[in-house]
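**Q** Okay, sequence plus prediction incoming.
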Amino acid sequence: MQVSIATTSGLERCMTIGVPAAEVEQKVTAELKKLARGRRIDGFRPGKVPPAVIKRLFGKQARYEAIYQQMQQSFFAAVQENNVKLAGMPYFEPTVDEDGKDLEFKATYEVYPEVTLGDFAALQVEQKTAQVSDDDVEKMVDTLRKQSTRWSESSEAAASGDRVVIDFEGFIDGSAFEGGKANAYTLVLGSNSMIPGFEDGLVGAAAGSEVTLDVTFPEGYHKEELKGKPAQFKVKVSKVEKGELPVMDSEFFKSFGVESSTEEEFRAEIRSNMERELKRALRTLTKNQVIEGLKAANPIEVPAALINQEVDRLRRQAVQQFGGGQQFDFNQLPAEIFKPQAESRVVVGLLMSTAIEAADMKPSEEKVSELIEEIAATYQEPEEVRNYYLNNAQQKSQIEALALEEQLVEKILAAAAVTVVESSYEDVIRAANANQSA
Amino acid sequence: MIRERIYKVLVAPQISEKATWVAEKYGQYVFRVAPDATKPEIKEAVEALFEVKVDSVRVVNIKGKTKRTVRGVGKRNDVRKAYVTLAAGQDIDFTDAE
């Protein structure tokens, strides 16, 4: 078997392999036998078909399959022999394919890029720190209370902060427009969910009253034909409800799953939740920074085959998320949307694995148990969760991979130029959420 | 012989264990032929259609089986076969023909 490798472009390689005729012949004969076994052929008793006849009938098909097998086999043998880091599936093309002649074929494939990591010290990482302040806790408690506001009907005129139930119809130049009509619409005044001027105009209206509002659609409105247009809304208020914030009692605490009777305990619980959230957000942010830095410092070219694989995986995930089910073919989703994400994921994956390999890192026991502990803490029964992760090999390996990633990030952080930036709880959480959805 | 007759003489190649065997051993090729085909006709048709030299032709008539059913006695069609011996060194490949 002679092998020669040529670089065609970038990461693409072309391998030309020659296989002796005898070897191919053997494969073809074996394939013929397999094809004819148990087959009924008119004019012959089963098992009594002469080889010549079989060859005449199935020769082409057998040769095709045999050659395909042979190409794969000798290609992968060559890959092992030449230490090729193969990425994705190769593409085969026979150049000499004739009976009695040596088989020669070309295999086009891509290889993993040679990744040499730069010094971690060159990385610039901005590490954010933040504390949960009393103000933050206060704000959170406020939000929680607002969420469970109790509404009660009132005959008084509506004020800002009240909830109204309205029927309305909108007109532009005296004619109704599409989407400008609703019945029994629930609206909290001052929530700024309608266009400017609408909610203000309803302040002071009592139940049963009818109001006509002159408002102008803002320039930034999402409907093209309504942008900047003056409109008239006829609004009928059918109900005005006053809100009442819940009292801070054990019943209120219970609705959030906190079994305590004093406000301090509740606050402490909320605080610890927020702190956990903050810790996670900070870690995500730092990790993203490290990864971004790593990516920027080590530009590499990645094989298209890997990107395509990743695109497919992302597409399948997207279909599952949207509940497409079995009938929906994920190939219908355009590949372009997923390409940038897929590419960056492949790059990051490659860089990470190279870095881990280079440093010869193993997931440390403490890190793994720490991570499990952290996940378990958010559940009702931490003990069960802990056991689940420890006794499930697949779950455990996932955690181990995560731990390895964390360790790498820590290692890079230790080496990189870190600038510490003070930040607030809210900013950090918002940034982390934005990062996740991106 | 008229051109059209050539296409009517040979009905189909007879593919069977025996046909393969005689082809290999004696260079004889077996055809089903029209019931009224004569040996010279067959020779001419084979030579014209497969572009080979025919040495000799032997024919055999096989009587169709009589089949009895509820509706009485029936008879299958008779079959006339021709064993065509080609001149030494010649052969016919049925996959290319037709």
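**A** That came through, no problem. Keep in mind the model is a prediction, meaning the values are calculated, not measured.

**Q** Centroid-wise, who is the farthest residue in chain B?
**A** Centroid-distance maximum for chain B: residue B:70 at 34.1 Å, with Cα atoms, centre = their mean.

**Q** what does chain B put close to chain A?
**A** Within reach of chain A by Cβ under 8 Å from any Cβ of the partner chain, chain B has these residues: B:14, B:15, B:16, B:17, B:19, B:20, B:21, B:24, B:93, B:95. Bear in mind the C-beta positions are built from the backbone N, C-alpha and C, glycine included.

**Q** Just the buried residues from these, in ChimeraX please.
**A** If you want just the buried ones from the residues of chain B next to chain A in ChimeraX, going by 16 or more other Cβ atoms under 10 Å in any protein chain shown, the selection is:
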select /B:14,19,20
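
**Q** For the residues of chain B next to chain A, give me a markdown table that also has pLDDT and secondary structure.
**A** Shown next, in a markdown table, are the residues of chain B next to chain A (pLDDT from 0 to 100; DSSP: H, G, I helix; E, B strand; the rest coil):
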| residue | pLDDT | secondary structure |
| --- | --- | --- |
| B:14 | 90 | coil |
| B:15 | 88 | coil |
| B:16 | 89 | coil |
| B:17 | 90 | helix |
| B:19 | 91 | helix |
| B:20 | 89 | helix |
| B:21 | 90 | helix |
| B:24 | 87 | helix |
| B:93 | 75 | coil |
| B:95 | 61 | coil |
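
**Q** Now for residue B:67, how many residues are close by?
**A** 10 (other Cβ atoms under 10 Å in any protein chain shown).

**Q** Remind me which helix or strand it belongs to.
**A** Following DSSP states H and E, one finds residue B:67 within strand B:66-69.

**Q** ok, residue 61 - contacts?
**A** As the question left the chain open, I've gone with chain A. residue A:35 (Cβ atoms under 8 Å, 6 or more residues apart in numbering or on different chains).

**Q** Not quite, go with chain B.
**A** Contacts for residue B:61 (Cβ under 8 Å, 6+ apart) come out as B:35, B:78, B:79, B:80.

**Q** check contacts around the residue lying closest to the first one once chain neighbours are set aside.
**A** Spelled out, it's residue B:35. Using Cβ to Cβ, 6 or more residues apart in numbering or on different chains and skipping the chain neighbours, the partner closest in space to residue B:35 is residue B:80 (5.1 Å). Residue B:80 is in contact with B:32, B:33, B:34, B:35, B:37, B:59, B:60, B:61, B:62, counting by Cβ under 8 Å, 6+ apart.

**Q** Quickly find the element holding residue B:80.
**A** Residue B:80 belongs to strand B:79-86 when assigned by DSSP H and E.

**Q** send the alpha carbons of that strand over as PDB?
**A** Presented in PDB, the C-alpha positions along strand B:79-86 are these (Å, rounded to 0.1, in the frame of the first residue of the first chain):
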ATOM      1  CA  VAL B  79     -41.600 -25.200 -26.000                       C
ATOM      2  CA  ARG B  80     -39.000 -25.500 -28.800                       C
ATOM      3  CA  LYS B  81     -35.400 -25.100 -27.700                       C
ATOM      4  CA  ALA B  82     -32.300 -24.800 -29.800                       C
ATOM      5  CA  TYR B  83     -28.800 -25.900 -28.700                       C
ATOM      6  CA  VAL B  84     -26.500 -23.700 -30.800                       C
ATOM      7  CA  THR B  85     -22.800 -24.800 -31.000                       C
ATOM      8  CA  LEU B  86     -20.600 -21.900 -31.800                       C
END
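
**Q** now that strand, how far from the chain's geometric center?
**A** On the basis of Cα atoms, centre = their mean, to the nearest Å, strand B:79-86 sits 4 Å off its chain's mean C-alpha point.

**Q** Adjacent strands (with direction) for it?
**A** Paired with strand B:79-86 in the same sheet, following DSSP bridges, are strand B:28-33 (antiparallel), strand B:54-62 (antiparallel).

**Q** Okay, now the sheet partners of the strand holding residue B:67, with direction.
**A** Strand B:66-69 pairs in its sheet with strand B:72-75 (antiparallel), by DSSP bridges.

**Q** who touches the partner strand?
**A** For strand B:72-75, contacts defined as Cβ under 8 Å, 6+ apart pick out B:64, B:65, B:66, B:67, B:68.

**Q** go on, stretch A:86-101?
**A** Outside stretch A:86-101, the residues that reach it (Cβ under 8 Å, 6+ apart) are A:11, A:15-16, A:21, A:63, A:67-68, A:71-72, A:75, A:79, A:102-112, A:303-306, A:308-309.

**Q** Tell me which of the residues you listed fall in helices.
**A** Judged by DSSP state H, the subset of these located in helices is A:21, A:63, A:67-68, A:71-72, A:75, A:79, A:304-306, A:308-309.

**Q** Only the buried residues of the strand holding residue B:80, if you could.
**A** B:80, B:81, B:82, B:83, B:84, B:85, B:86.

**Q** Find me the pLDDT at the residue nearest to residue B:35, would you?
**A** Looking at residue B:80, its pLDDT reads 96.

**Q** just to revisit the earlier point, and the contacts of stretch A:86-101, which of them are buried?
**A** Using 16+ other Cβ under 10 Å as the burial test, these include A:11, A:15, A:63, A:67, A:71, A:75, A:79, A:103, A:105-107, A:109-112, A:303-306, A:309 as buried.

**Q** Out of these, which are close to chain B?
**A** When Cβ under 8 Å from any Cβ is applied, no member of the buried ones among the contacts of stretch A:86-101 is adjacent to chain B.

**Q** Residue of chain B nearest chain A, please.
**A** With Cβ to the nearest Cβ as the measure, residue B:16 is the residue of chain B nearest to chain A, at 3.9 Å.

**Q** counting contacts, what elements does the helix or strand bottoming out on mean pLDDT in chain B pack onto?
**A** Lowest mean confidence among the helices and strands of chain B (mean pLDDT, DSSP states H and E): helix B:3-9, at a mean of 87. Using 3 or more Cβ pairs under 8 Å, 6 or more residues apart in numbering or on different chains; DSSP states H and E, the elements in contact with helix B:3-9 are helix B:39-50.

**Q** Okay, now the unreliable bits of chain B?
**A** B:1, B:95-98 (pLDDT under 70).

**Q** Nearest to the middle of it, which residue? Look it up for me.
**A** Centroid-nearest residue in chain B: residue B:31, 2.0 Å away (criterion: Cα atoms, centre = their mean).

**Q** Pull the contacting residues for that one.
**A** By Cβ under 8 Å, 6+ apart, residue B:31 lies in contact with B:10, B:11, B:12, B:13, B:14, B:42, B:46, B:81, B:82, B:84.

**Q** For beta bridges, what are the partners of the last one?
**A** Counting by DSSP bridges, residue B:84 is bridged to residue B:29, residue B:57.

**Q** Not counting residues beside it along the chain, what's closest to residue A:21?
**A** Once flanking residues are discounted, residue A:21 sits nearest to residue A:102: 5.1 Å by Cβ to Cβ, 6+ apart.

**Q** Check the gap between the residue nearest to residue B:35 and residue A:306 for me.
**A** Noted for residue B:80: a distance of 68 Å to residue A:306, by Cβ to Cβ, to the nearest Å.

**Q** what do you get for residue A:339?
**A** Distance from residue A:339 to residue A:306, by Cβ to Cβ: 12 Å.

**Q** The host helix or strand of residue A:346: which residues count as buried?
**A** Using DSSP H and E, residue A:346 sits in helix A:339-359. Buried residues in helix A:339-359, defined by neighbour count with 16+ other Cβ under 10 Å: A:342, A:343, A:344, A:345, A:346, A:347, A:350, A:351, A:352, A:354, A:355, A:356.
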